[in-house]
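[1] Turn this into a model:
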Amino acid sequence: MDGIADLILFTHLIIAIFISVGMVIFPIGGLLSWRWCKNFSLRVTHLGLIVVVFIETLIGVNCPLTVVENYFRAQATHQSFIGSLMSNTLYWNMSEALFFYLYGICVVWVLILWILFPPSRKFVRG
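    So this is what the prediction gives:
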């Protein structure tokens, strides 16, 4: 069960990295005219994910990935080194209020990016 929990944690971490990197790379790509940064599906996915994270924090529910990971983690006898490393990277022991404001700022930033560097509905290669 530890392997399943680690796989879910890895997926969760990749999503968090995608959200975080997107907030930095999309404005850089916009300034440098990188066409892939205007990909509508990519940008909608990015916006949708950070909005979901913010709403989860707003209403006080755990992320479904965290719930499922915790279920499998409870069935495991130990946590692997890699699992522990990923867990320490993803989960921070800070107040929910701090995360609420942090995620709120992130949502506002992503919306600003939509205004400054709007995505294109055209299919863009390159």
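[2] What is the biggest helix by length in the chain packed up against?
    Longest helix of the chain, by residue count under DSSP state H: helix 2-31. Where contact means 3 or more Cβ pairs under 8 Å, 6 or more residues apart in numbering; DSSP states H and E, helix 2-31 is packed against helix 40-59, helix 64-75, helix 81-90, helix 96-116. All C-beta atoms are positioned from the backbone trio N, CA, C, and that covers glycine.
[3] angle of the shortest one against helix 2-31?
    Computed with axes from the mean of the first three to the mean of the last three Cα atoms, to 10 degrees, the direction of helix 81-90 lies at 40 degrees from that of helix 2-31.
[4] same for helix 81-90, what does it pack against?
    Counting by 3+ Cβ pairs under 8 Å, 6+ apart, helix 81-90 packs on helix 2-31.
[5] What is the burial count for M23?
    Using other Cβ atoms under 10 Å, M23 is surrounded by 16 other residues.
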